[in-house]
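*Asks:* curious how this folds, go ahead:
(chains A and B)
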Amino acid sequence: MRVNRWTIGRRIVQLLVVALLATPAFGFAFFEGNLGSAALFSLWLSDPLATLQVLVLTGTLTTTLVLGTVVVLLFYGILGGRAFCGWVCPVHLLTDLFDMLPWAKKRERINLRWKEAVLGLILVLSVLLGLPVFETVSPIGVAGRALTFGISGSLVILVLIVLAEQLLVRRIWCRSLCPLGGFYALLGRVSPVAVAYRPSRCTHCGSCEKVCFVPEVLQPSLAGSCERVHAGDCSRCGACVGICPENALEFGLRKPF
Amino acid sequence: MGKVNSTNSSRKSTGARAALVGSAAAYLLFKAGSGYGWMLRPPGALEEDAFLKKCLRCGRCAHVCPYDSVKMGTIADGIAIGTPVIIARETPCYLCSDLPCVKACPSGALDPELKDPLKTRIGTAVITEREECLSIKGLRCEVCYRACPAIDKAITVENYLNVRTGRHAIFEPVVHKKECTGCGICEKACVLDRPAIVVGPLQPPTESWYES
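*Replies:* Model prediction:
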């Protein structure tokens, strides 16, 4: 089997992020917070969806929050919105690993577009309930807190996601439900970094679609209609780039709009 | 024809599965409110409703707290999951002069206008067990008074004749809500197994709140 260098690199990055999130528990002071909001070597970082919830709830934002959000928006705006999912999110790492179980691949998948609806619902519910609803129930927050504050009953949220993906629908959380994934999918549509496809080399062996957690995004290119993967759902994880035996896929740039 | 039917039924089962997951998520969300009660927040915390709107559940206040006083709520705390909580009897707030938790808060849920730790108003101490309080019984305890960071302002000692003996004085600790930060140091310091002085909300929701 071909060694998928991109996937190995990505696993290393994902594990480094987990280690980074855990550093406050080991007495290091260069990182504080979690993926909702953090300070890394005094650089402010804030999740744009978290900021958006505070904005719809209170109508005001602190400078810290605005600056931290701009940094994060620029970062993922350039590298590809859902690069957050593929390379950073600890929940995606968890569901990636569970998806490697042999029976997981037999489950069917459902529509990708629900995420945007969930995103809208989260914002409406936030206003109705007077809470940043996603920050409250977020499995990403639960995972981050578990890494520094220890095991708690909150982990039931992660267990539910794994169970739903193993027993009901394959990758339902990351593909179809996560509102943060939905947010970054919108951002990913304008990112300049994208997977480039060379039809002249492609033998249509199907390896790329097998390793992709959102294979729908590859279809327009494979069908010959575009040479860049345009869909916002592409997490720029590089699994297809690394697996392609003919090197028909690689990372490239595209015009953002 | 048979093929169309099978597509339809597989769509239906997908919908049913998705609905199951959705309702499980909704159940979690709404059940969450049930465990909710008053909580002692870190210094500068806005009034609870406003606090819950702004708090991002990022845990930065807890990460920077040098005493590990700030804990994080869990799913057992309902909608307060992931929000910072101080359990005064375990580790109270020691009112750091530079207020690192307030500085760390990115969203303003801990009010950045708070600069003087003694101006913190996150709750107020109340002597709930008057009959158990050693000082009120006539002993020279006054530990809460000595421990109070706003000694002689938030807690003073009032003395009067011990009518039981007729010849001794009682030195009763008295809390002055206007000066009390709500840090909980007195609750931690109380020598009784079950503290006679505890920190409660600034505005108790009902008269009987303290009895529970």
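*Asks:* identify the bridge partners of A:Tyr197.
*Replies:* With DSSP bridges applied, A:Tyr197 shows beta-bridge pairing to A:Leu249.
*Asks:* tell me how many other residues crowd it.
*Replies:* Residues within reach of A:Tyr197, counting by other Cβ atoms under 10 Å in any protein chain shown, total 23. C-beta coordinates here come from the backbone N, C-alpha and C atoms, glycine included.
*Asks:* list the contacts for it?
*Replies:* By Cβ atoms under 8 Å, 6 or more residues apart in numbering or on different chains, the residues touching A:Tyr197 are A:218, A:221-222, A:226-229, A:248-249.
*Asks:* the helices in the stretch 101-250 of chain A, which residues?
*Replies:* Assigned by DSSP state H, counting those that start in this stretch, the helices in the stretch 101-250 of chain A fall at A:114-129, A:133-137, A:139-149, A:156-167, A:179-188, A:207-211, A:219-222, A:239-243.
*Asks:* and the average pLDDT for the third one is what?
*Replies:* Model confidence over helix A:139-149, given as mean pLDDT, is 93.
*Asks:* which other helices and strands contact that helix?
*Replies:* helix A:5-22, helix A:90-98, helix A:156-167, helix B:60-64, strand B:70-72 (3 or more Cβ pairs under 8 Å, 6 or more residues apart in numbering or on different chains; DSSP states H and E).
*Asks:* just to revisit the earlier point, how about TSV for the helices of the stretch 101-250 of chain A, with mean neighbour count added?
*Replies:* Below are those laid out as TSV (neighbours: other Cβ atoms under 10 Å in any protein chain shown):
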stretch	mean neighbour count
helix A:114-129	17
helix A:133-137	25
helix A:139-149	23
helix A:156-167	17
helix A:179-188	24
helix A:207-211	18
helix A:219-222	18
helix A:239-243	23
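*Asks:* need these in a markdown table (columns: distance to A:Leu97).
*Replies:* Output for the helices of the stretch 101-250 of chain A, formatted as a markdown table (distance: least, Cβ to Cβ, whole Å):
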| stretch | distance to A:Leu97 |
| --- | --- |
| helix A:114-129 | 21 |
| helix A:133-137 | 22 |
| helix A:139-149 | 13 |
| helix A:156-167 | 10 |
| helix A:179-188 | 17 |
| helix A:207-211 | 14 |
| helix A:219-222 | 26 |
| helix A:239-243 | 14 |
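*Asks:* and of the ones you listed, who's closest to A:Pro48?
*Replies:* Ranking the helices of the stretch 101-250 of chain A by proximity to A:Pro48 (Cβ to Cβ) places helix A:179-188 first, at 6.7 Å.
*Asks:* wait, which of the helices of the stretch 101-250 of chain A is closest to A:Gly81?
*Replies:* Closest among these, using Cβ to Cβ: helix A:179-188, at 2.9 Å.
*Asks:* what residues does the closest one touch?
*Replies:* With Cβ under 8 Å, 6+ apart, helix A:179-188 has contacts from A:47-49, A:52, A:73, A:76-77, A:80-85, A:89, A:112, A:115-119, A:121-122, A:134, A:138, A:140, A:174-175, A:231-234, A:236.
*Asks:* can you tell me the centre-most residue of chain B?
*Replies:* Here the mean C-alpha position of chain B is nearest to the C-alpha of B:Leu40 (Cα atoms, centre = their mean), at a distance of 1.3 Å.
*Asks:* surely that residue meets B:Gly182?
*Replies:* Yes: counting by Cβ atoms under 8 Å, B:Leu40 touches B:Gly182, with 6.8 Å between them.
*Asks:* any weak-confidence spans in the chain?
*Replies:* Went with chain A since none was named. In the predicted model, chain A carries pLDDT under 70 at residues A:1-2, A:256-257.
*Asks:* wrong one, I was asking about chain B
*Replies:* For chain B (pLDDT under 70), the answer is B:1-15, B:18, B:22, B:24-37, B:204-212.
*Asks:* what sits against B:Leu95?
*Replies:* Neighbours of B:Leu95 in contact, by Cβ under 8 Å, 6+ apart: B:43, B:117-118, B:120, B:149, B:181, B:183.
*Asks:* which member of the residues you listed is positioned nearest chain A?
*Replies:* B:Pro43 (16.8 Å; Cβ to the nearest Cβ).
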